[in-house]
Every structure is written in C-alpha cells, then in structure tokens.
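S.K.: My questions are about this predicted structure, shown below with the sequence.
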Amino acid sequence: QVQLVESGGGLVQAGGSLRLSCAASGLTFSRYHIGWFRQPPGKAREFVAVISWNGETTRYADSVKGRFTISRDKAKNTVYLQMNSLKPEDTAVYYCAADTVLRQTYYDMDYKGQGTLVTVSS
C-alpha cells in the first residue's frame, strides 16, 4: 500500500521558515518524481514545486521562486520543502504527490498525501 505522509506544518510569523517533509512508503521511491502542491483557503489547489526522481531537475511556481527549496533524501525515502521568508499568502494546506511522469498538475498525480496545514500570521 502506497503512503505519502506530510509533516512539518504549523503556525509561523511572516518572514519565518518551516520545513515540510513528505515520507513515502510502499513504492520504489527512486522511480518517482515528487511534487508539492497547496490549497489556500477558499482557492483552488496549485502547484508549488516538483523534483525529479534523481533530484537533478527541480521546478517552482513563480510565487515561491527564491524562497522555497525542494530536495530529496533517497536513504530516507523523503522529500523536503524548505520554506523561507514566508508570507501570509503562503497560508494553505500543503500536499505532496508522486508520479512517474514529471508533472505540475495535482489531479493527474498517481499518489497523493493527506496534507499538512501551514498558517503564516502577519
């Protein structure tokens, strides 16, 4: 059974940092690209970042470029999203998802986690 479990969300002040984790199990981690997506309150789910299976390719939404960094640890089957200089508009439920195709569309991803809430106060 494939599981993607997000953690690391919480409440942080604007300008602060958080690191989200996405722990994968039940799949061959090295074969999957992993993406982060988010859904702000009352808005649609949107792409944040994605990392290729080997970590050599990363892509970011324009809104987070220069502030967020995606990385992966193959020994721990975990992908991270380091979020710096957080803004109130980063408030959202953050989801990770896995696919063998490098995608930026959440609903096309093969496997999805349950999400973790990030709240940024002003």
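M.R.: Right, received. Where do you want to start?

S.K.: how near is residue 92 to residue 117?
M.R.: Residue 92 sits 8 Å away from residue 117, going by Cβ to Cβ, to the nearest Å. Where you see a C-beta, it was placed from the backbone N, CA and C, and this is true even at glycine.

S.K.: neighbour count winner among those two?
M.R.: Each of residue 92 and residue 117 has its neighbours counted (other Cβ atoms under 10 Å); residue 92 has more, 22 against 12.

S.K.: so who does that one touch?
M.R.: Going by Cβ atoms under 8 Å, 6 or more residues apart in numbering, residue 92 touches 38-41, 43, 117-118.

S.K.: Looking at neighbours, which among the residues you listed is most surrounded?
M.R.: Ranked by the number of neighbours (other Cβ under 10 Å), the contacts of residue 92 place residue 38 first, at 25 neighbours.

S.K.: ok, now which ones touch that one?
M.R.: Contact criterion Cβ under 8 Å, 6+ apart gives 45-46, 48, 90, 92-95, 118 as the residues in contact with residue 38.

S.K.: any residues touching stretch 94-113, and which ones?
M.R.: With contact meaning Cβ under 8 Å, 6+ apart, stretch 94-113 is reached by 2-6, 9, 20, 22, 24, 27, 31-39, 45, 47-48, 50, 52-53, 57, 59, 79, 81, 114-118.

S.K.: CA atoms of that stretch as PDB?
M.R.: Once side chains and other backbone atoms are set aside, the C-alpha atoms of stretch 94-113 remain, and they are given as PDB (Å, rounded to 0.1, in the frame of the first residue of the first chain):
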ATOM      1  CA  TYR A  94       0.300  21.600   1.500                       C
ATOM      2  CA  TYR A  95       0.100  18.300  -0.200                       C
ATOM      3  CA  CYS A  96       2.800  16.100  -1.700                       C
ATOM      4  CA  ALA A  97       2.200  13.800  -4.600                       C
ATOM      5  CA  ALA A  98       4.100  11.200  -6.600                       C
ATOM      6  CA  ASP A  99       4.200  10.200 -10.300                       C
ATOM      7  CA  THR A 100       6.500   8.500 -12.700                       C
ATOM      8  CA  VAL A 101       5.900  11.500 -15.100                       C
ATOM      9  CA  LEU A 102       7.300  14.900 -14.200                       C
ATOM     10  CA  ARG A 103       4.000  16.800 -13.800                       C
ATOM     11  CA  GLN A 104       2.800  20.100 -12.300                       C
ATOM     12  CA  THR A 105      -0.900  19.100 -12.200                       C
ATOM     13  CA  TYR A 106      -2.100  17.700  -8.900                       C
ATOM     14  CA  TYR A 107      -5.100  15.700 -10.100                       C
ATOM     15  CA  ASP A 108      -3.000  13.700 -12.600                       C
ATOM     16  CA  MET A 109      -0.500  12.500 -10.000                       C
ATOM     17  CA  ASP A 110      -0.600   8.800  -9.200                       C
ATOM     18  CA  TYR A 111      -0.400   9.000  -5.400                       C
ATOM     19  CA  LYS A 112      -1.300  11.900  -3.100                       C
ATOM     20  CA  GLY A 113      -0.900  12.600   0.600                       C
END
